[in-house]
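S.K.: below: sequence and its predicted model.
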Amino acid sequence: MTLHITGDADADRLLTDDPLALLIGMLLDQQVAMEVAFSGPLKIAQRVGSVDAATLAGYDADALVEAFRLTPSVHRYPGSMAGRVQSLCAALEEEWDGDAAALWTRGEPDGPEVLRRLKKLPGFGEQKAKIFLALLGKQYGFTGAGWREASAPYGDEGTYRSVADIVSADSLAKVREHKRAMKAAAKTSSGGGGV
């Protein structure tokens with residue numbers, strides 16, 4: 001299994017090999033392009049020295065913000081996102097002994113249980129948790145019972161809704177088109193479409 005999310009072989013290798021990197025990429029996936037968000041863990045590793053829950057949770061907060069700010073930045077909101085990454089890593093340290101993969105491996109959980117665990121994490125609401133669960137099921141080898149139903153609609157087969165569906169440049173283009181269509185529909189339904 002190899003993920004193909006960022007278009008950068010080194011960034012994708014880190015996401016494939018390191019569950020925490022993948023979880024951090026998902027956390028960063030808001031208000032920036034998906035490739036930027038999921039490339040963030042590699043930038044963090046290069047600037048901080050590792051992507052490790054204990055290291056990041058205990059890292060000097062101001063120094064982490066500076067690492068996020070370096071060009072090219074990890075995220076367009078370096079201060080708040082550095083804080084979110086630290087909060088996520090602190091929660092993983094406290095609840096999961098710093099092991100991100102334990103969220104979907106410890107105790108052989110089913111899909112609904114993994115969704116519940118993800119939603120307890122700082123920065124993971126319902127939608128982000130469902131998308132990540134779909135990513136685990138579609139591309140990361142998670143086979144817990146009911147994962148498709150728990151992650152619906154993102155777990156649906158044959159769709160191009162989210163990062164869970166990106167396996168190539170073609171699928172990335174289809175996901176982008178779906179997101180554009182959803183934004184346009186939301187703008188029209190909220191009255192922002194104008195007359």
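M.R.: Sure thing, it's come through.
S.K.: distance between the ends of stretch 13-32?
M.R.: 21 Å (CA to CA, to the nearest Å).
S.K.: got a list of what residue 4 touches?
M.R.: Counting by CB atoms under 8 Å, 6 or more residues apart in numbering, residue 4 touches 12, 166, 167, 168. For the C-beta atoms, the positions are set from N, CA and C on the backbone; glycine is no exception.
S.K.: weed out the non-buried ones from the residues you listed.
M.R.: In these, burial by neighbour count holds for 12, 166, counting by 16 or more other CB atoms under 10 Å.
S.K.: turn the contacts of residue 4 into a markdown table, columns for pLDDT.
M.R.: Written out in a markdown table, the entries for the contacts of residue 4 read as follows (pLDDT from 0 to 100):
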| residue | pLDDT |
| --- | --- |
| 12 | 96 |
| 166 | 93 |
| 167 | 90 |
| 168 | 87 |
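S.K.: what is the nearest of the contacts of residue 4 to residue 99?
M.R.: residue 12 (21.6 Å; CB to CB).
S.K.: for residue 56, see how far away the closest one is.
M.R.: When distance is defined by CB to CB, to the nearest Å, residue 12 is 20 Å away from residue 56.
S.K.: what's the answer for residue 106, then?
M.R.: In this structure, residue 106 and residue 56 are 20 Å apart, going by CB to CB.
S.K.: so which of those two has more stuff around it?
M.R.: For residue 106 versus residue 56, the count of surrounding residues by other CB atoms under 10 Å is larger for residue 56: 23 against 12.
S.K.: pretty sure the more buried one sits against residue 63.
M.R.: No - between residue 56 and residue 63 no contact is recorded; they are 11.2 Å apart, counting by CB atoms under 8 Å.
S.K.: break down this structure into its helices, ranges please.
M.R.: Taking DSSP state H, the helices of the chain run over residues 9-17, 19-28, 34-48, 53-58, 61-69, 78-96, 102-105, 111-119, 126-139, 147-150, 169-189.
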